[in-house]
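**Student:** Fold the following.
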Amino acid sequence: MPDDIVYSTDPDWKPGAEKAPEGKPRQAEPVRLSFRRGHKGSGMTFIERLQMHPAGKEELLKKFKKKLGVGGTVKLGALEIQGDRRDAVETELKALGYKVKRLG
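**Tutor:** Numbers count the residues shown, from 1 in each chain. All right, here's what the predicted structure looks like:
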């Protein structure tokens with residue numbers, strides 16, 4: 001029954017976008033990976049345009065946080081990870097089968 005999602009609050013989520021039948025993620029466009037400095041801290045790594053169910057995004061963020069030893073959150077459908085972790089995140093996303101486009 002969990003596959004029969006009727007409503008989602010994530011604006012980027014599309015039905016059937018979690019995994020393709022052959023086990024590879026189905027992504028129409030590359031995932032955007034960027035780094036932005038704030039006025040207070042060392043900055044945040046942003047993962048945007050990731051077409052995945054909100055629960056899947058939370059699981060992926062949990063995996064990144066544990067592996068990298070950092071904090072993070074999901075805001076407006078984008079994953080935010082503390083610090084400049086673009087290299088580690090890019091290799092991990094590519095290992096999962098996503099195309100990644102680095103910005104900045």
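
**Student:** okay, and for the chain, where does confidence drop off?
**Tutor:** Across the chain, residues meeting the criterion (pLDDT under 70) sit at 1-8, 13-25.

**Student:** how far away is Val100 from Ile47?
**Tutor:** For Val100, the distance to Ile47 (CB to CB, to the nearest Å) stands at 9 Å. Quick note: C-beta positions are derived from backbone N, CA and C, even for glycine.

**Student:** contacting residues around the nearest residue to Pro54 once chain neighbours are set aside?
**Tutor:** Among residues not flanking Pro54 along the chain, Asp10 sits closest, at 4.4 Å (CB to CB, 6 or more residues apart in numbering). Residues near Asp10 by CB atoms under 8 Å, 6 or more residues apart in numbering: 53-54, 57, 77.

**Student:** what do you get if the cut-off is 10 Å, keeping everything else the same?
**Tutor:** Contacts of Asp10 were listed using CB atoms under 10 Å, 6 or more residues apart in numbering, and they are 51-57, 74, 76-77.
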